[in-house]
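In: one predicted model, sequence on top.
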Amino acid sequence: STLELCDKGIDMAVSDKDLLSIQEARQSVERAHEAQKIWGTATQQQVDQVCAAMAQAAFLGAERLGRMAADETGFGVPEHKKLKNEFASQHLWKRIQDIRTVGFVRKDEANKIYEIAWPMGVVGALIPSTNPTSTVINKILISVKARNGIVVAPHPTAVNCSRETAQLMIDAAEDAGAPKGLISYLTKISIKGTQEMMAHKRTAVILATGGSEMVRVAHSQGKPAYGVGPGNVPVYVDRSADLEKAARYIVASKAFDYSVICATEQAVVADRPIAARLQQLMESEGAYFVDETQANALRKALFHSDGTINVASVGKSPQYLAAMAGIRVPAHARILVAKLSKTGRDEPLSREKMTTVLGWYESNGWEAGCERCIELINFGGRGHSLIIHATDEKVIMAFGLEKPVFRIGVNTMGTLGSIGLTTNVMPSLTLGAGGIGGSITGDNVGVYHLFNIKRMAFETSRPPEMAMRSGTTPSGPVYGPAPSEIEAVVEEVVQQIIRA
């Protein structure tokens, strides 16, 4: 029938697309592998010359690329994406430019150990839709700095801006002396093509930034993979905090790029004696506290019945979310805040919300605040991040010791502090969640994770004399029964079974 023919035509088209995508992935990885063999012989000066050229090109294109990302994905704020692009290019480059990635990188004369950098090979890079252009810049820069090749796999909803960013860096790199094919990107996007790129025998390591399912697939490829985990980030505000600063930072951080960075604050845990004042200060910064009826509407708008987030709500303004939920909020609102009492499956708004909605809890004392923060972390944010605003050293140190996370920002913005813009942690847009969060590292993934270290170890002490002598105890039956004895026992057991 006509319907059956149409169905077959659709299936064939999908199949053809997958085949083309798979073929492109294979060719891209092979080209990157061949180019990397050349790049692996580059000098430190050549490496740094290429990386500096790429960082400068990306920095100059930051505004255009940021606007492209916002227009194509519908997520976030163009001006904030520009800032992220600048962060991923020049800020990152300034931090890593003096890191040695060629030849001898450390000589420990006292212990007679020499360390030599050795590139991984080809990096397979998965790009998210939430931070596409900045993540492309970040991953290409650290991969090439470590003398690797890289193949970029854009998210299907961020294809054009990711390609444009990668091509900008390719042009700059090749003009500065990088071999052709060292950096490439997929143009025919499909799940099968991306999987082929990750599984290819020439792909040495995977950098997976994106949704939980794709990160899980990356970790199942049987090769090294640096993945991220969800960031259900609590921010505790202690009675000792600078409340004006805390209020300003929390609102600005949650509003930044409409909350698409995974390190953004997801719930305030306010120490009860200062809660009312903190609320007033946050309201003056543009926080709008919704009532329970409005909170119910937001629960239904942001999450499906199974607890998964409604993608249509990601990276949106408070006014957009209000329209989705059928409620009214002021035009000046920068974020929406919902007062909550529960944590877990019965409270959808206690989940990670990659949009401009923030949870609010009150706890009496830092010990109770600590417990609430742990509840939030365990409900979808293990290993990721936490923010604390306090001046009491005892409270700060207690939070650092007890929280099951690997980034603890103190008196800073969660969004910009965790990625390394307002703190001195390694600048990165791939934030590991450690073993407890399903990652192989809790670090901010950077250039150090993309090259191995060879160690030349010189003798520092003579071997024990016993190691140089032949043994005196005979080998054989003394260490176990002889084969003939084993055979006799087996035969006896078999005969017993037969007679039974």
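Out: Yep, it's here.
In: of all the residues in stretch 340-359, which ones are buried?
Out: 340, 343, 347-359 (16 or more other C-beta atoms under 10 Å). (Glycine included, C-beta is placed from N, CA and C.)
In: sort out for me which of the residues you listed are in strands.
Out: Among the buried residues of stretch 340-359, the members found in strands (DSSP state E) are 357-359.
In: from memory residue 299 sits against residue 349, does it?
Out: Yes. Between residue 299 and residue 349 a contact is recorded at 5.9 Å, counting by C-beta atoms under 8 Å.
In: mutual contacts of these two, please.
Out: When contacts are counted by C-beta atoms under 8 Å, 6 or more residues apart in numbering, the set common to residue 299 and residue 349 is empty.
In: and residue 145, how far from residue 450?
Out: 8 Å (C-beta to C-beta, to the nearest Å).
In: ok, residue 161 - how many residues close by?
Out: Burial of residue 161 is recorded as 27 neighbouring residues (other C-beta atoms under 10 Å).
In: now do the contacts for it.
Out: Applying C-beta under 8 Å, 6+ apart, the residues near residue 161 are 65, 68-69, 71-73, 132-133.
In: closest to residue 320 out of these?
Out: Lowest distance from residue 320 to the contacts of residue 161 (C-beta to C-beta) belongs to residue 73, with 13.9 Å.
In: that closest one: how many residues sit nearby?
Out: Residue 73, neighbours per other C-beta under 10 Å, totals 23.
In: contact partners for it?
Out: 129-130, 132, 157-158, 161, 315.
In: mind putting the residues you listed into TSV with distance to residue 18, pLDDT and secondary structure?
Out: Converted to TSV, those look like this (distance: C-beta to C-beta, whole Å; pLDDT from 0 to 100; DSSP: H, G, I helix; E, B strand; the rest coil):
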residue	distance to residue 18	pLDDT	secondary structure
129	21	94	coil
130	25	94	coil
132	22	97	helix
157	18	94	helix
158	20	96	helix
161	23	98	helix
315	29	97	coil
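In: top of those by neighbour count?
Out: For those, neighbours tallied by other C-beta under 10 Å; top is residue 132, 31 neighbours.
In: avg pLDDT for stretch 344-362?
Out: Per-residue pLDDT over stretch 344-362 has a mean of 97.
In: cool, stretch 60-71 as well?
Out: 98.
In: need the residues that contact that stretch.
Out: 58, 75-86, 89, 132-133, 158, 160-161, 164-165, 168.
In: ok, 10 Å please
Out: Under the criterion C-beta atoms under 10 Å, 6 or more residues apart in numbering, residues 58, 75-90, 129-137, 158, 160-165, 168-169, 172, 257-258, 315 lie in contact with stretch 60-71.
In: isn't residue 196 up against residue 20?
Out: No. Using C-beta atoms under 10 Å, residue 196 makes no contact with residue 20, being 11.2 Å away.
In: settle it for me: which of those two has more neighbours?
Out: With neighbours defined as other C-beta under 10 Å, residue 196 and residue 20 compare such that residue 196 has more, 23 against 14.
In: which strand or helix spans that one?
Out: Mapping residue 196 onto the secondary structure by DSSP states H and E places it in helix 191-199.
In: how about the nearest residue to residue 284 once chain neighbours are set aside, what does it touch?
Out: Of all residues not flanking residue 284 in the chain, residue 247 sits nearest, at 7.4 Å (C-beta to C-beta, 6 or more residues apart in numbering). Each residue near residue 247 by C-beta under 10 Å, 6+ apart is listed here: 237, 241, 268, 277-285, 287, 389.
In: and with 6 Å instead?
Out: Residues near residue 247 by C-beta atoms under 6 Å, 6 or more residues apart in numbering: 278, 281-282, 285.
In: ditto for residue 251
Out: 282, 285-287, 334-335.
In: any chance you could map the strands in the stretch 51-200 of the chain?
Out: Ranges of strands within the stretch 51-200 of the chain are 104-108, 113-119, 122-126, 149-153, 183-185, based on DSSP state E, counting those that start in this stretch.
In: residue 333 belongs to a strand?
Out: No. Read with DSSP: H, G, I helix; E, B strand; the rest coil, residue 333 is coil and lies in no strand.
In: could you report the neighbour count for it?
Out: The burial count for residue 333: 21, using other C-beta under 10 Å.
In: chain center to stretch 363-381, what's the gap?
Out: The chain centroid and the centroid of stretch 363-381 are separated by 23 Å under C-alpha atoms, centre = their mean, to the nearest Å.
In: my error: substitute stretch 295-312 in the last question.
Out: With C-alpha atoms, centre = their mean, you get 24 Å for stretch 295-312.
In: avg pLDDT for that stretch?
Out: 95.
In: gap between the two ends of it?
Out: 18 Å (C-alpha to C-alpha, to the nearest Å).
In: on the three-state scheme, residue 240 is what?
Out: coil.
In: skipping adjacent residues, who's closest to it in space?
Out: residue 392 (4.0 Å).
In: residue 46 falls within a strand, correct?
Out: No. Under three-state DSSP, residue 46 sits outside any strand and is assigned helix.
In: returning to what we had before: report the two of the contacts of residue 251 separated the most.
Out: Across the contacts of residue 251 (C-beta to C-beta), the longest gap, 9.7 Å, separates 282 and 334.
In: and the two? Which one has more around it.
Out: Ranked by neighbour count (other C-beta under 10 Å), residue 282 and residue 334 place residue 282 first, with 27 against 19.
In: enumerate every residue touching that one.
Out: Neighbour list for residue 282: 247, 251 [criterion: C-beta under 6 Å, 6+ apart].
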